[in-house]
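1. Need the 3D shape of this:
(chains A, B, C and D, ligands or ions: 12)
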Amino acid sequence: MKKYNTPLIDELEKGPWPSFVTEMKKAAKNNEMANDAVGHLEKCYETKLGYWKHGGIVGVLGYGGGIIGRYSELGEEFPGVAHFHTVRLNQPSGFFYTSKALKEICDIWDKYGSGLTNMHGSTGDLVLLGTKTDALEALFAEYSSRGWDLGGSGSDLRTPSCCVGPGRCEWTNYDTLDLCNNLTQEFQDELHRPMFSYKFKIKAAGCACDCVASIARSDLSIIGTWKGDIQIDQDEVKKYASKGMDIMSEIVSMCPTQCMSYDGKELKIENSECSRCMHCITRMTKALRPSGERGATLCIGSKAPIVVGSLLSWVIVPFIKLEPPYTELKDLIRKMWDWWDDNAKPRERIGEVIEMKGMRSFLEAIGVPPQPQQIREPRKDPFMFYTEEDIAAYKAKEAEEKKTGVYKF
Amino acid sequence: MKKYNTPLIDELEKGPWPSFVTEMKKAAKNNEMANDAVGHLEKCYETKLGYWKHGGIVGVLGYGGGIIGRYSELGEEFPGVAHFHTVRLNQPSGFFYTSKALKEICDIWDKYGSGLTNMHGSTGDLVLLGTKTDALEALFAEYSSRGWDLGGSGSDLRTPSCCVGPGRCEWTNYDTLDLCNNLTQEFQDELHRPMFSYKFKIKAAGCACDCVASIARSDLSIIGTWKGDIQIDQDEVKKYASKGMDIMSEIVSMCPTQCMSYDGKELKIENSECSRCMHCITRMTKALRPSGERGATLCIGSKAPIVVGSLLSWVIVPFIKLEPPYTELKDLIRKMWDWWDDNAKPRERIGEVIEMKGMRSFLEAIGVPPQPQQIREPRKDPFMFYTEEDIAAYKAKEAEEKKTGVYKF
Amino acid sequence: MALPERKTDIGPPHYKQFIPPVVEKNYGKWKYHEVMTPGTMVHVGESGDKLWTVRVASPRILSTTTIREICDLAEKFCGGYLRFTTRNNVEFLVSDEKNLEPLKKELSAKGYKMGGIGPGITNVVHTQGWVHCHSACTDASGLVKSMMDELYEYFESKRLPNKVRLAVACCVNMCGAVHCSDIAVVAVHTKVPTINHENFKNMCELPTVIGSCPTRAISPDPAQKSVKINPDKCMYCGNCFTVCPPISIKNPERDGIAIVVGGKVNSLRSNPKFSKLVIPYISNEPPRWPKVVAAIKHIVEVYASHARKHERIGEWIERIGWERFFSLTGIDFTFQSIDDFTFMRDTLRTASTFKWS
Amino acid sequence: MALPERKTDIGPPHYKQFIPPVVEKNYGKWKYHEVMTPGTMVHVGESGDKLWTVRVASPRILSTTTIREICDLAEKFCGGYLRFTTRNNVEFLVSDEKNLEPLKKELSAKGYKMGGIGPGITNVVHTQGWVHCHSACTDASGLVKSMMDELYEYFESKRLPNKVRLAVACCVNMCGAVHCSDIAVVAVHTKVPTINHENFKNMCELPTVIGSCPTRAISPDPAQKSVKINPDKCMYCGNCFTVCPPISIKNPERDGIAIVVGGKVNSLRSNPKFSKLVIPYISNEPPRWPKVVAAIKHIVEVYASHARKHERIGEWIERIGWERFFSLTGIDFTFQSIDDFTFMRDTLRTASTFKWS
Ligand code: SRM
Ligand code: SRM
Ligand code: SRM
Ligand code: SRM
Ligand code: SF4
Ligand code: SF4
Ligand code: SF4
Ligand code: SF4
Ligand code: SF4
Ligand code: SF4
Ligand code: SF4
Ligand code: SF4
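-> Ligands and ions are numbered 1, 2, ... in the order given. I've put the predicted structure just below:
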């Protein structure tokens, strides 16, 4: 096996943080592909240039997504990376594994690929880095027969992801793990066979901490919340205070709605004013607990800056209960896709289309009424559209008012 | 003289607020034009329609601005308003008058027009409502010979306006009255002879109270401010307190930068943190006074919503001293107009052009460097332009750093 | 009789000819002021000199008759000195305390209304309307009169948490202050304009007309040497009509009034703010616009009973949240309040944190 | 050897197969947690059961060799149970307190790094870079390694006012979290792309290419059956290159790194925020990117010494103002930081209220 001299990337084996170069070299010990990947990377560092070609379309029979085709311009010099495709394995909800399962994944990967992985990709997949086109079918047979399927890529539903939620967190407002798994199973066809105008991502977080960055990185962001009051255990409050927490400055004065008060003994919350931001709860988890109805807020559209600047997801459904079989949510998602389908140009994310066509068109299509919770502030300009029905409705209201003598604004 | 029956607008003579209808009728008593204006208005109320035609171009010899041509579609029915042009007289700074001057204005107006006025128009002019084309030259001769000139209209410099400032206000940071008068005199040609791509408005306010709404209603907003500390008269503070002012809730906690503190006796201000918003000063005018260097902040671009939504003016020069002959400001204004001229399409306000071409192009043209005071926050997307010079400069800096071993970020 | 000789480019008379001696003397050297009543305040110079101001409501449309009457009063009590405000009130400038009460007495005797100073409601910045503008889809002066009759107590005596600035515009050109007022009304069209293709070619410039449309709804119609309007994109702003007479958009039964709130101009406490749309449509009902007036009064009263001292309407709303504003006022939240124009992205909510009502 | 039979559309294995008994038992019934050290926390169920978590740094690129080693450790101390985090750390799930210290001992013996929990710096969300992406204009993993070596103390022990989330993207597609991170770096091009017109017609779709340009810099070039790029409008985003291989934009000497700060994802205290540009260009300097690393460390330290407890970087900056951020850090304010893209209007200052520095 060719031994590469890699002075530059060797620099990245020094220092306390675990080194990806060391990982690549470990894999390179007994893997040609990984070995050439090491040489190939050193070359990039040397020339400050990348040598990968645009991804060609490769995949497994009957699927359109799941594999990212990757070829090097330097196939001659580094035959091991002439083909170097990525396989996206759909991770289990919450990234839970047993050693047995993981080792099995490794065994198969060593057999067909570079022995290099990403645990995990930014979308959530278990990413296997680097294999050849002719290995794909066999590899897929081995994984799928052992219960592993591919994740999404291209213009399809991308692999849904979620926070650890009920698996290890006291704050979750719904079963993020089950919802993520359930939706993934429900939409297998949309996930494997690109039929959308562009990618569509779903991320499920159990509370406003949003530990899976759903509001920033998923077209559909599902963020847990509750409807009842925050219950206060005053004894625990005292303990926090006695342990040195400055409740006024750390909690009360940082409450965005200013709905808390503390007299040095008792902590009070004006719950109707609370926006459920989670700050106080996370800082006093033993003292404060949400109560009452649990569910989530649905937001739509977040994405990276291409083409017209990054978007954060916009609130569309202030509150939805989330219990198996999640029928209401699934129907909503299908309606969203239908509307998107009818209105999108190629490579337009759903958020971009909403910007083009307006929130009204979208909300009407999915059957959600306008609510002030959907906006930060009302429109600033007088350039409003009215349907004939709108005007008719306003006139009818006025006629009614003339009768009753009471105005309904 | 025809007597009109006006049941509808008569309703507007009832109630405590002074009635414009009463005013119109007063004028109508001995003025045909005003009389027909009354009948004409009743007709509008009856049919819920306006009958004025688009303004034709009328004016006085050698001027392009100052008169708004106005003709009624109902010239037959209401001959007195067949022609009903508006004359914009340039108001004196601060709207100060003597009875003598005002009466003279009235005498001339009764001779040539409807006897109806707007004291004043929204831009600031003394507006004379309704005269005929053939009266314009004579009217202008009479006014101008007595020291009155026309204001702006059309695509020219509009009549500058200012707050009362030094004339009656303790808070002004420069002489708003003199600046307004001085600029109006300096730019007579631009004011009377439309040569711009659209209107350009200047409003001068002595402090952040902005009593002339400059930041919202002028292309160039001049807002007074200061550089020194706020001086505190603690005895006066005590008096406010003893008179029942809740200094904590009304002043300290409403300070946007949270730079004030009050221990029940002494009021303190962390001046370096103060943003000079004026809240505390206006509420405790006897106790608090700005000190140090005085001047203004220049902002650009505010306008009404047509075409792409309203704009508030943007800070371009954080601080400029304003003393006669105001040379620096005048040079800046001329550079702004040159850049606007070079870059605007017809009917594009300067703010709209800055949005199209970018703030950099504008600031470089007027010779102002980039400063964080110009922005609320930096850009959010990575879509930046770099000139060859920019990159060269960054590289030079890095070369320098390599030498010194110290980074300059 | 021969005309005097015309002059040009002389500009306005110098204001110093018009300021009273006490102002001349204390010019730029004022120390403080005190609001004595909603209609009277006194400014004190570092010299100790005092200037009393009596502010009087004006309908802004003034006949020369009334102006002369005002001048007579100024002569009698103010040495002939007076001024107007940036919101079109009249201010009598009294240098001699002896004249203050007599002036006020005579003003009320003659029916003049004093007020507008301090935390209340002062004159309404407004526009021409049917009185003088071709673009008007309602009358501005009539709306102002109807509003102020109803809100009069807030001008004359009753106080509010802070100033409430009102404005009226008779079309979306919004001459005046509608876009940054505490509460404002703007008249709107609600139907797509019609075009007289005959006159188009001689009276309009194609590029200007096409460029005038904020939503790019207008495209050339070569066949007719004119333009066509895409009804799905048109939001009836009327800008095409402004630049091209053969386009007409007025419609007596459909033209209406929209109400916006929460704007602000000054920078005290919080930055200047635009007004935001809360009531998208009320029928245009001259001569008294009862529903418009009732809506404004209602908003003022809810503000008065909920805001903290010194909070402007927009500041109060931002503290409690817009969702709370709608629930407190009981105003229906409609699709029109959701921005769908170019800059919607910064008006939509991007957090799961809000109030349920 | 015959292949097993392939299955399709089975989705991922059900996660319940992979959760330890204690999680199964306390599923959704957790009561609270305590952070014991930056690398260890314990979650307590309503049942009183406890689950200890030991979090270990991962370079994200893992060889099967290392994964197996991790598995062996999980078997020895955690009944084989482990998980990964949304930021790519490894979490050992310990059900039996006896195993906690031995696990930690063996982890350090083997050189694993524990940390990342609580108010400090955890793993960096990043992307493929030269390791695997054709679009990369730098290497992501190398940048992360260089940054974390320097910031390591904040992972392992040292605390900050709150979490500081870092991200790296190797091009403006920004796979990952750059657009909403406390501090992030994104690699940028700085030169207008060149086009191989020969290949254009067979490899690219004209409308897609034209539509790909955020600034409408691309127009058809019928002569060459290709497109042309307006150099004044192009800001080098590379999106045209993404959709059309014959367009090339890479340039080793000119490609560089930009640094953005102040982003945030969660809704605690304040709404989620986008990251904002503060340093527009630093030369791309593999293998260690010394200036990029120094800049990030500098910002972290200024934040550490000025922010209030619980304030995220963006929250701290919004409290003190961006002008103050620039003066405190001494970072040059450049034209690049002034937004000139579509949405500039809501980023410019519309008030005379700011700090002088
Ligand atoms: C592998 C991964 C980065 C990583 O190292 O983790 C990745 C890699 C690529 N992304 Fe991504 N994206 C990955 C997560 C993301 C994310 C983050 C997320 O999903 O949470 C984003 C930002 C959020 C979003 O979706 O907007 C992201 C926004 C993009 C974009 C811009 C899309 C947009 O609408 O702005 C592109 C451009 C494109 O689609 O052509 C892109 C394109 C790509 C391509 C396919 C570039 C290309 O055309 O070949 C990259 C393939 C690299 C390779 O050879 O494997 N990738 N991409 C992530 C997927 C792994 C996984 O499945 O788990
Ligand atoms: C008279 C006045 C309203 C009033 O009753 O006070 C007025 C009246 C007209 N304005 Fe205005 N504007 C008047 C102040 C304003 C203001 C307020 C200000 O200046 O502080 C604005 C908003 C600020 C701004 O400039 O953006 C204003 C924004 C407009 C616009 C929209 C311009 C834009 O760029 O958005 C138009 C449309 C146009 O220019 O064609 C307009 C157009 C008009 C026209 C000329 C409509 C037309 O095409 O005929 C109106 C003539 C009415 C008439 O017959 O006299 N007027 N106009 C104000 C001028 C009096 C004076 O000189 O003192
Ligand atoms: C006379 C006038 C200036 C002029 O040159 O004509 C004026 C005069 C004063 N203003 Fe003003 N303001 C005048 C229009 C304005 C405007 C412009 C407008 O409304 O279009 C504003 C900005 C409004 C806005 O923010 O939307 C304005 C915002 C203020 C403020 C800030 C109020 C607040 O939000 O806290 C103060 C401070 C205060 O009220 O203590 C102020 C304070 C004052 C003081 C106390 C200044 C002084 O020491 O003399 C003056 C008397 C108080 C009063 O009227 O309540 N003035 N003031 C204007 C009277 C209009 C009228 O007839 O009522
Ligand atoms: C394990 C993980 C979820 C998972 O499913 O993998 C997780 C777990 C926890 N998060 Fe998180 N968060 C995790 C990613 C996130 C993310 C997503 C991200 O960074 O991309 C966020 C949003 C970041 C942002 O806002 O930009 C996140 C924002 C929070 C916050 C809010 C912090 C703040 O701004 O105040 C809390 C509350 C707290 O820190 O007390 C929190 C709290 C927690 C708690 C205490 C929840 C609990 O009771 O178990 C967990 C351990 C605390 C810790 O790690 O410091 N978690 N947390 C993720 C660990 C990533 C890592 O390896 O370090
Ligand atoms: S998002 Fe909320 S529920 Fe989910 S892990 Fe984070 S803190 Fe727990
Ligand atoms: S959750 Fe947030 S808003 Fe509600 S009380 Fe706690 S800190 Fe305040
Ligand atoms: S703007 Fe300032 S200086 Fe001018 S009148 Fe108003 S308060 Fe006085
Ligand atoms: S002027 Fe404004 S910012 Fe300055 S101290 Fe007074 S209230 Fe605070
Ligand atoms: S708002 Fe419209 S209708 Fe009213 S005066 Fe201005 S342009 Fe004319
Ligand atoms: S009314 Fe306004 S939106 Fe409609 S076509 Fe004319 S300009 Fe365009
Ligand atoms: S950020 Fe750009 S270069 Fe990096 S992985 Fe994503 S697409 Fe590729
Ligand atoms: S690099 Fe970006 S901006 Fe430049 S032409 Fe290509 S797509 Fe347009």
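2. I believe C:H43 is in a helix; please confirm or correct that.
-> No - according to DSSP: H, G, I helix; E, B strand; the rest coil, C:H43 belongs to no helix; its state is strand.
3. isn't it right next to B:T172, touching?
-> No - the criterion here is C-beta atoms under 8 Å, and C:H43 misses it with B:T172 at 11.8 Å. C-beta here means a position set from N, CA and C on the backbone, and glycine is covered the same way.
4. Identify the residues contacting the residue nearest to C:Y236 when sequence neighbours are not counted.
-> Leaving aside its chain neighbours, C:Y236 sits nearest to C:H189 (4.1 Å; criterion: C-beta to C-beta, 6 or more residues apart in numbering or on different chains). C:H189 makes contacts with C:C137, C:Y236, C:C237, C:G238, C:I249, C:K250, C:N251, C:R254, C:D255, as judged by C-beta atoms under 8 Å, 6 or more residues apart in numbering or on different chains.
5. and of those, the nearest to D:F155?
-> Of all these, D:F155 sits closest to C:C237, with 55.7 Å by C-beta to C-beta.
6. Can you give me the distance of that closest one to C:I257?
-> 15 Å (C-beta to C-beta, to the nearest Å).
7. Of those two, which one has the most company?
-> Legend: neighbour count by other C-beta atoms under 10 Å in any protein chain shown for C:C237 and C:I257, higher for C:C237 (27 against 24).
8. secondary structure class for that one?
-> Quick answer, by three-state DSSP: C:C237 is coil.
9. what residues are up against it?
-> A:P382, A:F383, B:I306, C:V172, C:H189, C:P214.
10. Burial check on the second one, number of neighbours?
-> Put plainly, it is A:F383. A:F383 is flanked by 26 other residues according to other C-beta under 10 Å.
11. didn't C:K104 look like it was pressed against C:M36?
-> No - using C-beta under 8 Å, C:K104 makes no contact with C:M36, being 10.3 Å away.
12. Who has more neighbours out of these two?
-> C:K104 (21 against 15).
13. Please enumerate the strands of the stretch 101-250 of chain C.
-> C:166-169, C:183-188, C:194-195, C:218-221, C:226-229, C:247-248 (DSSP state E, counting those that start in this stretch).
14. so which of those strands comes closest to ligand 11?
-> Proximity to ligand 11, assessed across those by C-beta to the nearest ligand atom, is greatest for strand C:218-221 (37.7 Å).
15. tell me how far that closest one is from the chain's mean position?
-> 35 Å (C-alpha atoms, centre = their mean, to the nearest Å).
16. Pairing partners for it, with directions?
-> In the sheet, strand C:218-221 lines up against strand C:226-229 (antiparallel) (DSSP bridges).
17. for the partner strand, which positions count as buried?
-> Burial within strand C:226-229, assessed by neighbour count using 16 or more other C-beta atoms under 10 Å in any protein chain shown, is assigned to C:S226, C:V227, C:I229.
18. Strands along chain A, start to end?
-> Assigned by DSSP state E, chain A shows strands spanning A:67-68, A:85-89, A:96-98, A:113-119, A:126-131, A:161-162, A:202-205, A:220-226, A:230-232, A:260-262, A:267-269, A:288-290, A:294-300, A:314-320.
19. Can you pull up the most central residue in the chain?
-> Here I'm looking at chain A. For chain A, the residue nearest the mean C-alpha position is A:K203 (3.3 Å; C-alpha atoms, centre = their mean).
20. if you could check chain C rather than the one you did, that'd help
-> C:A167 (2.3 Å).
21. My understanding was that that residue contacts C:C175; is that so?
-> No - between C:A167 and C:C175 there is no contact under C-beta under 8 Å: 9.7 Å.
22. list the residues that contact both of those two?
-> In contact with both C:A167 and C:C175: no residue, using C-beta under 8 Å, 6+ apart.
23. for the one helix or strand C:V35 maps to, the distance to its chain's centre please.
-> Using DSSP states H and E, C:V35 sits in strand C:30-37. Relative to its chain's centre, strand C:30-37 lies at 26 Å (C-alpha atoms, centre = their mean).
24. ok, is it in contact with ligand 7 or not?
-> No - judged by C-beta under 6 Å from any ligand atom, strand C:30-37 stays clear of ligand 7, getting no closer than 9.0 Å.
25. Can you classify the residue lying closest to C:T40 once chain neighbours are set aside by secondary structure?
-> Excluding its sequence neighbours, the residue lying closest to C:T40 (C-beta to C-beta, 6+ apart) is C:V54, at 5.4 Å. At C:V54, secondary structure determined by three-state DSSP is strand.
26. Make a markdown table out of the contacts of C:C237 and add pLDDT.
-> Formatted as a markdown table, the contacts of C:C237 follow (pLDDT from 0 to 100):
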| residue | pLDDT |
| --- | --- |
| A:P382 | 95 |
| A:F383 | 95 |
| B:I306 | 93 |
| C:V172 | 96 |
| C:H189 | 97 |
| C:P214 | 92 |
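27. Stretch A:11-22 and ligand 4, are they touching?
-> No - Stretch A:11-22 stays clear of ligand 4 (C-beta under 6 Å from any ligand atom), getting no nearer than 13.5 Å.
28. which parts of that stretch are buried?
-> Of the residues in stretch A:11-22, those buried (16+ other C-beta under 10 Å) are A:E11, A:L12, A:W17, A:P18, A:S19, A:F20, A:V21, A:T22.
29. now swap in stretch A:41-50 and tell me
-> A:L41, A:E42, A:K43, A:C44, A:Y45, A:K48, A:L49, A:G50.
30. What residues does the residue of the stretch 251-357 of chain C found nearest ligand 9 make contact with?
-> Minimum separation of the stretch 251-357 of chain C from ligand 9 (C-beta to the nearest ligand atom) falls at C:D255, amounting to 11.3 Å. C:D255 makes contact with B:K48, C:C137, C:T138, C:A187, C:V188, C:H189, C:T190, C:N284, according to C-beta under 8 Å, 6+ apart.
31. Model confidence for the most far-flung residue of chain C relative to its centre, exactly?
-> Distance from the C-alpha centroid of chain C peaks at C:A223, with 43.5 Å (C-alpha atoms, centre = their mean). At C:A223, the predicted lDDT confidence score is 92.
32. ditto for A:G55
-> On pLDDT, A:G55 comes in at 78.
33. Apart from its neighbours in sequence, what residue is nearest it?
-> Closest residue to A:G55 apart from its sequence neighbours, by C-beta to C-beta, 6+ apart: A:G69 at 4.4 Å.
34. contacting residues for the one you found?
-> A:G55, A:G56, A:I57, A:V58, A:H85, A:T133.
35. If we use 7 Å, what do you get?
-> A:G55, A:G56, A:I57, A:V58, A:H85 (C-beta atoms under 7 Å, 6 or more residues apart in numbering or on different chains).
36. for C:C133, same thing?
-> B:W52, C:T127, C:C170.
37. Quick check: it vs ligand 10, distance?
-> Plainly put, C:C133 is 17 Å away from ligand 10 if you go by C-beta to the nearest ligand atom, to the nearest Å.
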